[in-house]
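Student: Next comes the sequence, and after it the predicted model I'd like to discuss.
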Amino acid sequence: MARQQKKKNITIAGTDIDEVKRLNSQSGLSYNEVKRMLAENYLKK
C-alpha cells in the first residue's frame, strides 16, 4: 500500500509556509485587528 505524502509548501529560502501560517493563527490579534478594536472602542465613547 502506498502512503500518500503531503507536498511541503517551502520557499526558496527554506521556510515552511504551512508552519508559519499555523503559528500565525495561534499568535493572537493582528495589527489591523487591534487597530479596528481600538477604533470601535474609541467611537463608542
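Tutor: Alright, I've got the coordinates. Numbers count the residues shown, from 1 in each chain.
Student: And the residue nearest the centre of the chain?
Tutor: Geometric centre of the chain, nearest residue: Asn24, 3.3 Å, by Cα atoms, centre = their mean.
Student: Which of the helices or strands spans it?
Tutor: Here Asn24 is covered by helix 17-25, with elements defined by DSSP states H and E.
Student: what about the residue lying closest to Met37 once chain neighbours are set aside, how many residues close to it?
Tutor: Ranked by Cβ to Cβ, 6 or more residues apart in numbering and with sequence neighbours excluded, the top spatial neighbour of Met37 is Leu29, at 7.4 Å. Heads up, the C-betas are built off the backbone N, CA and C, glycines and all. If you count neighbours by other Cβ atoms under 10 Å, Leu29 ends up with 10.
Student: close enough to count as contact, Leu29 and Lys35?
Tutor: No - contact criterion Cβ atoms under 8 Å: Leu29 and Lys35 do not qualify, at 9.6 Å.
Student: Quick check: pLDDT value at Lys21.
Tutor: As predicted, Lys21 sits at a pLDDT of 93.
Student: Kindly report the same for the one 5 residues further on.
Tutor: Reported pLDDT at Gln26 in the predicted model: 91.
Student: next one: Lys8
Tutor: On pLDDT, Lys8 comes in at 82.
Student: What strand or helix carries it?
Tutor: Using DSSP H and E, Lys8 falls outside every helix and strand.
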